[in-house]
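# Give the three-dimensional model of this entry:
(chains A, B and C)
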Amino acid sequence: MTFKLELSNNKIFKDIFESISNIIDEVVLECDSEGIRLKALDRSHITFVNMELTKDLFDEYVCSVPEKLNIDTSEFIKVLKKCKTSDILRLTVDEGNVILIFEGDATRKFNLRLIDMNYEPATPPKIDHPVNLKIPSNVLKDALTDMSIFSDKIKFIVNQDYLIIKADGTFGDGEIKYLHGEHVTDIYTSLFSFEKLKDMMKASGLSETCILSLGDDIPLELTFELITGDGALKFLLAPRLEETD
Amino acid sequence: MTFKLELSNNKIFKDIFESISNIIDEVVLECDSEGIRLKALDRSHITFVNMELTKDLFDEYVCSVPEKLNIDTSEFIKVLKKCKTSDILRLTVDEGNVILIFEGDATRKFNLRLIDMNYEPATPPKIDHPVNLKIPSNVLKDALTDMSIFSDKIKFIVNQDYLIIKADGTFGDGEIKYLHGEHVTDIYTSLFSFEKLKDMMKASGLSETCILSLGDDIPLELTFELITGDGALKFLLAPRLEETD
Amino acid sequence: MTFKLELSNNKIFKDIFESISNIIDEVVLECDSEGIRLKALDRSHITFVNMELTKDLFDEYVCSVPEKLNIDTSEFIKVLKKCKTSDILRLTVDEGNVILIFEGDATRKFNLRLIDMNYEPATPPKIDHPVNLKIPSNVLKDALTDMSIFSDKIKFIVNQDYLIIKADGTFGDGEIKYLHGEHVTDIYTSLFSFEKLKDMMKASGLSETCILSLGDDIPLELTFELITGDGALKFLLAPRLEETD
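Reported below is the predicted structural model:
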């Protein structure tokens, strides 16, 4: 067998694919001796997902020959959801199948057909963000949900002291101010879709703190680094244009 | 600023408006140096709501000039629901806006437009109820939910010893008997809509015991006094007529 | 009064009828001095239910004259669901009514009309199963739910060492292997409807371990013996035929 991994902390895997499956239907897992990578752009070309899991994340990791696994994410997450916290997760590949094995009271084995896919490796645009902020994942998540009362468009403003998350609606408007503690000399504004942000925030369980990279009307980057240091999940989200009344 | 209040025990506020927002769409909060009052009749003229919160309920309360705040209750409760138990709630007024600020990990600020309203102050009918009973809020709540299996009309009977809550349906009927411990010499009967009672009972978290005032085919009064003694929420509910077969 | 029972462990009653009410609309409870029995076949003639509760299960049990109680299970479970864990459940019969009384903070009484029913006592087919396996109820329940990802038809295979629960679908297939620890010399295969199995598994709270009796394309029998030893709930489920492609 050329490819085999084992993971007891399966929650990481579930959180990652829970989030990805809401954004992208079909992905390619690129596996080699270093670990697993995934780079994909959603159908609407708004969200770019960049996942990297190093081999050290896994209790066991064997990949003697590089593999490309084409996966239907909605089927993959259906299976992953059946994995209990106490189960040991094993993943291997057979001709045409990804095989997931959950070892607990019983041995539960799931074979998922690999799908056909014209693989066009997506390359994320190289962006230099003027501002990179650390913010507790739950503070960001709550701020976005709070503002969604007013609108499905969320504005991010960074000034010298604060990250301000705002929304404007018919019945009212709101803002969350978070003292960012970084050295920022200018003011930056950009606008995003709440629905897209919400899908990304499904990964918020991955780390207590996330890194939010922002600028002026440029894509936002959101990074969840695994607590174990063995990988990261990054999102790049295209901005929305402010509508003129 | 002429109006400003601060409250750490924000659950009271949420419970009160959770219940009111199900009954009445638009209300006037009348604020003066003594506290906040609300008197309103629902659209169908069946339920009258009477709220009184004295200034002592609040950690801080400033109201130098009386204010009338016209509020859309469904928007108001949407915002209040975002307030966490650990947050400090602040409420002020700006031209045309009620401003709610939740102070926690971040400062979250919500501006809600005050609405236009032809304010007709509703005055509740003065009713002398022959019977006033204390009953644990959860016992009353459960009794009503139980009886709703059988019918959407709930009958209240008070006799010398018991409060009896009844319902009759096609598949069966039921009754809850609660030993009321009051001095009652007569028998009183009245019938009410379960849906209306259910909306009122959303406030049952306000106090462990409520006061139920009843008579013969007259409106029921239900009073939740705040545990802190700093206010009350009262409902007056018009009776239904017994249908004749 | 000829019939009267009292039960403090009312969860058993709720679990049993929760499961039965999903399978059969109308049942006859046959009560005599020994206890309560129920034998019924569902409308589609696929699931046979066999319940037996001995009088020792109850804190009090009086049945001087045998009774047959014709019950609408969906109304019966609606009432039972209102019984709290801390309530004492009493059941008696009046002309034309089953009377359920829940004794707690208040006395809650529910009368349910007995229904008209042309009672045809169902007799379950006598089947000698070649294999009888003990399996933790939650392991079986999880296995079935897991496999329902792939198909609504679940295959049971028993070989010398394992009980294998399988399903095949368009996107993949899966299997759960459970080391059964019994003396089995042959291989047995049969196929069942997941929906029917799911309804039966609603009773899984009745005992930590259930008994699964299987053979080759014959009905499956699933037995939940009450932990107290005072009764059992058995299901007999007709197999499905394997579709040929």
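
# which bits of chain A sit near chain B?
A:136, A:138-139, A:142-143, A:145-146, A:149, A:171-178 (Cβ under 8 Å from any Cβ of the partner chain). Every residue, glycine included, has its C-beta placed from N, CA and C.

# same thing but 7 Å
A:136, A:139, A:143, A:146, A:149, A:171-178 (Cβ under 7 Å from any Cβ of the partner chain).

# how about those residues, which pair is most distant?
Maximum pairwise distance among the residues of chain A next to chain B (Cβ to Cβ): 28.5 Å, between A:Pro136 and A:Phe171.

# Next up, the contacts around A:Lys141.
A:201, A:204 (Cβ atoms under 7 Å, 6 or more residues apart in numbering or on different chains).

# Name the secondary structure element that contains it.
helix A:137-147 (DSSP states H and E).

# One more: A:Val49?
Going by DSSP H and E, A:Val49 is part of strand A:47-54.

# Show me what the helix or strand following that strand is in contact with.
Next helix or strand after strand A:47-54 toward the C-terminus (DSSP H and E): strand A:60-63. Residues from elsewhere that reach strand A:60-63, judged by Cβ under 7 Å, 6+ apart: A:2-6, A:31-33, A:55.

# Can you list the neighbours in contact with the next helix or strand along the chain from strand A:60-63?
Downstream of strand A:60-63, the next assigned helix or strand under DSSP H and E is strand A:67-72. Strand A:67-72 is contacted from outside by A:2-3, A:25-31, A:93, A:98, A:114-115, A:117, A:119, C:171, using Cβ under 7 Å, 6+ apart.

# Show the subsequent helix or strand relative to strand A:67-72.
helix A:73-80.

# what angle separates that next one from helix C:137-147?
Going by axes from the mean of the first three to the mean of the last three Cα atoms, to 10 degrees, helix A:73-80 is angled at 170 degrees with respect to helix C:137-147.

# next helix or strand past helix A:73-80?
Following helix A:73-80 in sequence, per DSSP H and E, is strand A:88-94.

# and that following strand, what other elements does it pack with?
Using 3 or more Cβ pairs under 7 Å, 6 or more residues apart in numbering or on different chains; DSSP states H and E, the elements in contact with strand A:88-94 are strand A:3-7, strand A:97-103.

# Serialize these to TSV and add fields for mean neighbour count, distance to chain C and mean pLDDT.
Output for the helices and strands packed on strand A:88-94, formatted as TSV (neighbours: other Cβ atoms under 10 Å in any protein chain shown; distance: least, Cβ to the nearest Cβ, whole Å; pLDDT from 0 to 100):
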stretch	mean neighbour count	distance to chain C	mean pLDDT
strand A:3-7	19	17	95
strand A:97-103	20	7	96
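
# Using PDB, write out every CA atom in the helix or strand encompassing A:Lys14.
Element membership for A:Lys14 (DSSP H and E) is helix A:10-23. What follows is helix A:10-23, C-alpha atoms only, in PDB (Å, rounded to 0.1, in the frame of the first residue of the first chain):
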ATOM      1  CA  ASN A  10     -10.200  13.200  14.100                       C
ATOM      2  CA  LYS A  11     -12.000  16.400  15.100                       C
ATOM      3  CA  ILE A  12      -9.400  18.500  13.100                       C
ATOM      4  CA  PHE A  13     -10.300  16.500  10.000                       C
ATOM      5  CA  LYS A  14     -14.000  16.900  10.500                       C
ATOM      6  CA  ASP A  15     -13.800  20.600  11.100                       C
ATOM      7  CA  ILE A  16     -11.700  21.200   8.100                       C
ATOM      8  CA  PHE A  17     -13.900  19.300   5.700                       C
ATOM      9  CA  GLU A  18     -17.100  20.600   7.300                       C
ATOM     10  CA  SER A  19     -16.000  24.000   6.300                       C
ATOM     11  CA  ILE A  20     -14.600  23.100   2.800                       C
ATOM     12  CA  SER A  21     -17.700  21.000   1.900                       C
ATOM     13  CA  ASN A  22     -19.800  24.100   2.200                       C
ATOM     14  CA  ILE A  23     -17.600  26.000  -0.200                       C
END
